[in-house]
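**Q** okay, predicted coordinates and the sequence, questions at the end:
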Amino acid sequence: MKQYYVGLDLGTKWTYATMIDEEKHVIREAKIPCEEIAVERFFGGRPKECLNVVMEACGIWYNLYDYLVERCGVVKVSNPTQTKLNSSGKKTDKLDSKRLAELLKADMINESYVPPKDARDYRSKIRHRQSMVTISTELKNMIYAVLRGKNIKHPDEFKDIFTKRGVRWLKTLGVSEIEDCLELIDAANTQIENAEHAISVNVYKKEIELLKTMSGVGDVTAPVIMSEIVDIKRFESPKALCKYAGLVPKVMQSGDSDRRGRLVKQSSKILRTALIQCAHGVLKKKEGKLKKFFLKMYKRKKYNTAVAALAHKMLYIMWFMLTNNEEFHDGGIPVGE
């Protein structure tokens, strides 16, 4: 059966699609809406077995991907940081979609990992909760800014003005900006509680409880870590996992020169942030080998560098924990480098 290769360059509202045949002749190309029915019309009724499709990973591809998996014989998601689409300096949706189709035909697509649907749904809930927490924090900072702007000092008895007593005091001030922020904080907190309830029911319960045996890892960070890792088997080594989290430096080699730069950017920022939070959690502990490791690093490196090194060490250990289904024992698990 004759094969067709389709490259989809996705946008928020429109997708540029190019279809080529086995001889790389362009069969059709079009700018179409980001809708299943429009993609189906573009396929022109061709059977599933002859359709091979590739699209770049972006924030809007999940729903279309699920449809394509059911509709097409081969579906690949290209990693945009590793797949070079053109070398001419020109970049248009039309050129990109054609180049994607050509690379698919040549079997030269660097694929992005696509988590199972239940894992994607769980990750979405985690990220929604984090967004609500960010909004709540920003609103609290706005309240602090209003207090400073009006030269209002909170009573010394309040270490945290966002306790029940503190909020009651804020409401007595009669400042409309503060009252508006408090109302929005309540709404955000309700969303956070709802998200936490949804997160508590998940397919990673066993792995989350395992991670929580490590010092510094808690009820919030453990689910975030697992939602980003998804399946430890997809990382062949702890180094691969640390690279995915962006906790390894750039390597610049030339001849006899071998330099280490800043942490790599192409990574899971959410996973890295969660691990940095875990590292700060370790620093609150009075003792332990992880705390000793940080203190040793801090003697010869800057504070933030030492924290990042600790986060790297923790993730390195997590790989062994999840791979061997083994709880954390201070000093009892291989810590690698």
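**A** Arrived safely, thanks for sending.

**Q** kindly check the end-to-end length of stretch 164-183 for me.
**A** Stretch 164-183 has an end-to-end distance of 14 Å (C-alpha to C-alpha, to the nearest Å).

**Q** got the contact list for it?
**A** Identification of contacts with stretch 164-183 by C-beta atoms under 8 Å, 6 or more residues apart in numbering yields 139-140, 142-143, 146-147, 150, 152, 154-155, 158, 160-161. C-betas here are computed from N, CA, C, even on glycine.

**Q** if we use 7 Å, what do you get?
**A** 139, 142-143, 146, 150, 152, 154-155, 158, 160-161 (C-beta atoms under 7 Å, 6 or more residues apart in numbering).

**Q** list only buried entries from those residues.
**A** Among these, those scoring as buried are 139, 142-143, 146, 161 (criterion: 16 or more other C-beta atoms under 10 Å).

**Q** okay, those in CSV with pLDDT, distance to Met214 and secondary structure next?
**A** Output for the buried ones among the contacts of stretch 164-183, formatted as CSV (pLDDT from 0 to 100; distance: C-beta to C-beta, whole Å; DSSP: H, G, I helix; E, B strand; the rest coil):
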residue, pLDDT, distance to Met214, secondary structure
Leu139, 97, 32, helix
Met142, 97, 35, helix
Ile143, 96, 35, helix
Val146, 96, 40, helix
Ile161, 91, 33, coil
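
**Q** from those residues, which single one is nearest Gly11?
**A** Nearest to Gly11 among the buried ones among the contacts of stretch 164-183 is Leu139, at 32.2 Å by C-beta to C-beta.

**Q** break the chain into its domains for me.
**A** Under the assignment automatic domain parsing, the domains of the chain span 4-105, 117-200, 205-324.

**Q** tell me which residues in stretch 290-300 are buried?
**A** Residues of stretch 290-300 classed as buried: 290-291, 293-294, 297-298 (neighbour count, 16+ other C-beta under 10 Å).

**Q** and stretch 51-71, by the same measure?
**A** Buried-residue list, stretch 51-71, by 16+ other C-beta under 10 Å: 51-57, 61-62, 64-65, 68, 71.

**Q** which of the contacts of stretch 164-183 sit farthest apart?
**A** Between any two of the contacts of stretch 164-183, the greatest separation by C-beta to C-beta is 21.1 Å, found for Leu139 and Pro155.

**Q** what's the burial count for Asp156?
**A** Burial of Asp156 is recorded as 6 neighbouring residues (other C-beta atoms under 10 Å).

**Q** report whether Phe328 is found in a helix, as I expect.
**A** No - under DSSP: H, G, I helix; E, B strand; the rest coil, Phe328 falls outside any helix and is assigned coil.

**Q** contacting residues around it?
**A** Neighbour list for Phe328: 213-214, 317, 321 [criterion: C-beta under 7 Å, 6+ apart].

**Q** correct me, but Val6 touches Leu100?
**A** No - the pair Val6 / Leu100 is not scored as a contact, 8.5 Å apart, by C-beta atoms under 7 Å.

**Q** which neighbours do these two share?
**A** Contacts common to Val6 and Leu100, judged by C-beta under 7 Å, 6+ apart, are absent.

**Q** ranges for the strands of the chain?
**A** Ranges of strands within the chain are 4-10, 14-20, 26-33, 51-56, 74-78, 249-254, 257-263, based on DSSP state E.

**Q** looking at the ones you listed, which is nearest to His197?
**A** strand 74-78 (31.0 Å).

**Q** not counting its neighbours along the chain, what's nearest Arg28?
**A** Spatial nearest neighbour of Arg28, chain neighbours left out: Met19 (5.1 Å); criterion: C-beta to C-beta, 6 or more residues apart in numbering.

**Q** Leu8 is in contact with that neighbour, correct?
**A** No - contact criterion C-beta under 7 Å: Met19 and Leu8 do not qualify, at 10.0 Å.

**Q** where do the helices sit along the stretch 151-300 of the chain?
**A** Taking DSSP state H, counting those that start in this stretch as the criterion, the stretch 151-300 of the chain contains helices spanning 164-172, 176-200, 205-211, 221-229, 238-244, 269-283, 289-298.

**Q** mean pLDDT and distance to Tyr113 for the ones you listed - can I get that in a markdown table?
**A** Shown next, in a markdown table, are those (pLDDT from 0 to 100; distance: least, C-beta to C-beta, whole Å):
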| stretch | mean pLDDT | distance to Tyr113 |
| --- | --- | --- |
| helix 164-172 | 92 | 43 |
| helix 176-200 | 92 | 21 |
| helix 205-211 | 93 | 17 |
| helix 221-229 | 93 | 11 |
| helix 238-244 | 93 | 9 |
| helix 269-283 | 93 | 13 |
| helix 289-298 | 92 | 29 |
